[in-house]
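> Whatever this is, show me its structure:
(chains A and B)
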Amino acid sequence: MDDFELISAYIDGEVNDEERARIESDPRLMNEVNQIISMNKKIGEIIPNDPETKANHIQTALNEMTVASSDSVIPIRSTGKSSFSFRRPAWILGAVAAALLVIVAVPLFRSTDNSTTQIASEIIEESDGESLVESAPLEANEQDRENTDLAESAPFNSSPNSASIDIEESTDDRADNDLVAENEADISENLEVPRSEMLTSDEPTIAGLQAETSANERMRQGPVNTYTSDNPDEYGSFLLQDVRIESGESFDSFVIELAPTSDDTPSMIPGPYSIEINGEFLVGENSYVLPTEIDEYVVINLAARGGIWNDETGYEPSWGSITETITADESNLTGIYFGDFEANLTFVLGMEPNSTFRSYQTMNPPRLIIEVDHNS
Amino acid sequence: MAFDESQLIASAQQGNASAVEQLLEHYYDYIFSICRKVTGNIDDANEATQETLISVVRNIASFKSAAKFSTWVYRIATNAALDEIRKKVRRPTTEFNEDTVIPPTTKSLEDSLIDNIDIDDALQNLPEEFRVVLVLRDQLGTSYEEIGEILGVASGTVKSRIARARQKMKEELLGNKNHVRAVKEVNDG
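Numbers count the residues shown, from 1 in each chain, chains lettered A, B, ... in the order given. Sure, this is the predicted structure:
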């Protein structure tokens, strides 16, 4: 080790006793040490950025908030397909919303040869290329609307095995209504809170859900949207921006990203939602039936529309199909199914039995995230 | 309120934006300083800083608690800054040659520092690998081992690079001093 390397190591405390003694006994070396220490102090000075740029940098980064590191982001919207839009008067838009009942399935992650899934994928292929409205039979829509009206007039069904929605208030339903009221109270309180402080992943009534799936277990009964206005600028008009799976090292994240319209109240991001294990979802003549091999699943209902508003009069359905698959052996996800009716979005996540998962929401951008652990 | 980093990291990994924001606030100045000193200019530093923050936010869920969080952040910042440099067409820098004969000088280093010689200019004249180790060591107090982790080199290599970097830096500062005096003499006629 030459003298300069020795001096450098001495400054950094990386010398042994013998080396230290050699330096400290040599005035020439100690003089050099002091010179380098002076220089190091100059190099070590922190250079602050201007506060405004700093704030912008941090806010921009926060806007990118997501849950997992992954190179395998799978967007549901197919980038290879051209989207379409149509613009119609508001009265037609109402009919559009009433007609939207799309229950589709996307390829199972590890069961891509499943026939049911393939059929469902075809449905979504058609939907992606053509108007969802025009492909939906009117009779079916009317029936669906009746069924959905029932669903919207009652809390989300608490009986997972029930074949129809029970509109009479059960004990569980009353408890659910209490929870709704509680959540609404929370929302009112949140109106007073700065937006940056409103991420509430650790608040048990809104987010931070922890659950372990087991047959017929109901995890949470949240306030399902009952608002059916077609006006995008009114309350509850969140729009689906993107849905994707991010495959991490120890869990997969199912990310539902919404886009608020201009007048949405911040308190409603991402809007009312419920998560239910093995719950009911969109019963009716056109309802989708899960493949028989899907024993365990989570139903996610939230108040948002399955499309993107281009402006006040234009509605662009944004459904696409997953063409990629998750190949991670340890993934517990077995499939994703989703549907849209009026101002409600429904997602069904198929999982392996006894999978563990969590859910939480982020404010900006408004996302609802379900993390499904891999096999340990 | 005390800054409980491990608690904040845990919350941030659960998607708590407030926790993420606190972590970013805490590390911002260090990140910016790394980027500023490694890139050598404010525009590239801002780009690299933004990239670093976004990368931290996007990947914090995958951060393993076994690693030191600061090391992880500094690695991201260092790579972002180096990436930013490589994106641009840079002015040529003199490759440091270990065999270069260093002319002896009678000027003291303290004189150069006291004279407010721009230390950033001197830093920018260092080869990239020297500049990075100096910033990580002298600005952030990062250990040889951590610098080795960040740069993917052995700690022995880090030790050697730091010594060479300091030696080169000293020469640069003294050279700047001579240059400044020469310019001053010309201007003074």
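
> switch to C-alpha atoms for all contacts and neighbour counts from now on
Noted.

> quick one, what contacts the residue nearest the centre of chain B?
Centroid-nearest residue in chain B, with C-alpha atoms, centre = their mean: residue B:135, separated by 3.3 Å. Residue B:135 makes contact with A:43-44, B:34, B:37-38, according to C-alpha atoms under 8 Å, 6 or more residues apart in numbering or on different chains.

> And the residues you listed, which two are furthest apart?
Between any two of those, the greatest separation by C-alpha to C-alpha is 12.5 Å, found for A:44 and B:38.

> For chain B, give me the ranges with low pLDDT.
Residue ranges of chain B with pLDDT under 70: B:1-2, B:66, B:88-118, B:176-189.

> Settle it for me: which of residue A:44 and residue B:38 has more neighbours?
residue B:38 (33 against 20; other C-alpha atoms under 10 Å in any protein chain shown).

> and the more buried one, what does it touch?
So residue B:38 contacts B:78, B:81-82, B:124, B:128, B:131-132, B:135 (C-alpha under 8 Å, 6+ apart).

> So residue B:9 sits against residue B:19, correct?
Yes: under the contact definition of C-alpha atoms under 8 Å, residue B:9 touches residue B:19, with a separation of 7.1 Å.

> Ramachandran coordinates for the residue lying closest to residue A:5 once chain neighbours are set aside?
Counting by C-alpha to C-alpha, 6 or more residues apart in numbering or on different chains, residue A:5 lies nearest to residue B:163, which is 4.9 Å off, once chain neighbours are set aside. The phi/psi pair for residue B:163 (degrees, to the nearest 10) reads phi -60, psi -50.

> In contact with residue B:163, which residues?
Taking C-alpha under 8 Å, 6+ apart, one finds A:4-5, A:7-9 in contact with residue B:163.

> on that earlier part again, what is the nearest of the contacts of residue B:38 to chain A?
Closest approach to chain A among the contacts of residue B:38 (C-alpha to the nearest C-alpha): residue B:135, at 6.9 Å.

> Confirm that that closest one sits in a helix.
Yes: per DSSP: H, G, I helix; E, B strand; the rest coil, residue B:135 lies within a helix segment.

> could you pull out the helices for chain B?
B:5-13, B:17-39, B:42-59, B:69-87, B:109-114, B:119-124, B:128-134, B:144-151, B:155-187 (DSSP state H).

> Hmm, residue A:65 and residue B:58 touching each other?
Yes: judged on C-alpha under 8 Å, residue B:58 makes contact with residue A:65 at a distance of 6.0 Å.

> higher neighbour count, these two?
Legend: neighbour count by other C-alpha under 10 Å for residue B:58 and residue A:65, higher for residue A:65 (26 against 20).

> from what I can see the more buried one touches residue B:55, true?
No: counting by C-alpha under 8 Å, residue A:65 sits too far from residue B:55 to count as a contact (9.8 Å).

> thought residue B:173 was touching residue B:119?
Yes: assessed by C-alpha under 8 Å, residue B:173 is found in contact with residue B:119 at 7.2 Å.

> These two: which has the busier surroundings?
Between residue B:173 and residue B:119, counted using other C-alpha under 10 Å, the more crowded position is residue B:173 (25 against 19).

> what's the neighbour count on residue A:3?
12.

> returning to that earlier point: to residue A:369, which of the helices of chain B lies closest?
Going by C-alpha to C-alpha, the one of those nearest residue A:369 is helix B:5-13, 12.4 Å.

> Pull out the buried residues from that closest one.
B:8-13 (16 or more other C-alpha atoms under 10 Å in any protein chain shown).

> repeat for stretch A:57-65
Neighbour count says stretch A:57-65 has A:57-59, A:61-65 buried, by 16+ other C-alpha under 10 Å.

> Which of the residues you listed fall within helices?
Using DSSP H, the buried residues of stretch A:57-65 in helices are A:57-59, A:61-63.

> Against chain B, which of those residues make the cut? List them.
Within the set of these, contact with chain B (C-alpha under 8 Å from any C-alpha of the partner chain) is found for A:57-58, A:61-62.

> wait, which of these is closest to chain B?
residue A:61 (4.5 Å).

> Just give the closest residue to that closest one, not the sequence neighbours.
residue B:54 (4.5 Å).

> Settle this for me: the one you found is touching residue A:59, isn't it.
No: the pair residue B:54 / residue A:59 is not scored as a contact, 9.7 Å apart, by C-alpha under 8 Å.

> ok now do the closest residue to chain A within chain B, which residues does it touch?
Residue of chain B nearest chain A, by C-alpha to the nearest C-alpha: residue B:139 (3.5 Å). Contacts for residue B:139 (C-alpha under 8 Å, 6+ apart) come out as A:40-41, A:43-46.

> As CSV, those residues with secondary structure would be great.
Shown next, in CSV, are those (three-state DSSP):
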residue, secondary structure
A:40, helix
A:41, helix
A:43, helix
A:44, coil
A:45, coil
A:46, coil
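
> Which members of the contacts of residue B:38 are the farthest-apart pair?
B:78 and B:124 (14.8 Å).

> More neighbours: the two, which one.
Between residue B:78 and residue B:124, counting by other C-alpha under 10 Å, residue B:78 is the more crowded of the two (26 against 19).

> What distance do you get for the more buried one to residue A:351?
Distance of residue B:78 to residue A:351, computed by C-alpha to C-alpha, to the nearest Å: 40 Å.

> again with residue B:130
Counting by C-alpha to C-alpha - residue B:130 and residue A:351 are separated by 51 Å.

> Repeat that for residue B:20.
30 Å.

> what secondary structure does residue A:348 sit in?
Assignment for residue A:348 (three-state DSSP): strand.

> and the least confident of the contacts of residue B:163?
Lowest in pLDDT among those is residue A:4, which has 82.

> Show me what the helix or strand where it lies is packed up against.
Secondary structure assigned from DSSP states H and E places residue A:4 in helix A:3-11. Contacts defined by 3 or more C-alpha pairs under 8 Å, 6 or more residues apart in numbering or on different chains; DSSP states H and E place helix A:3-11 against helix A:17-24, helix A:27-43, helix B:155-187.
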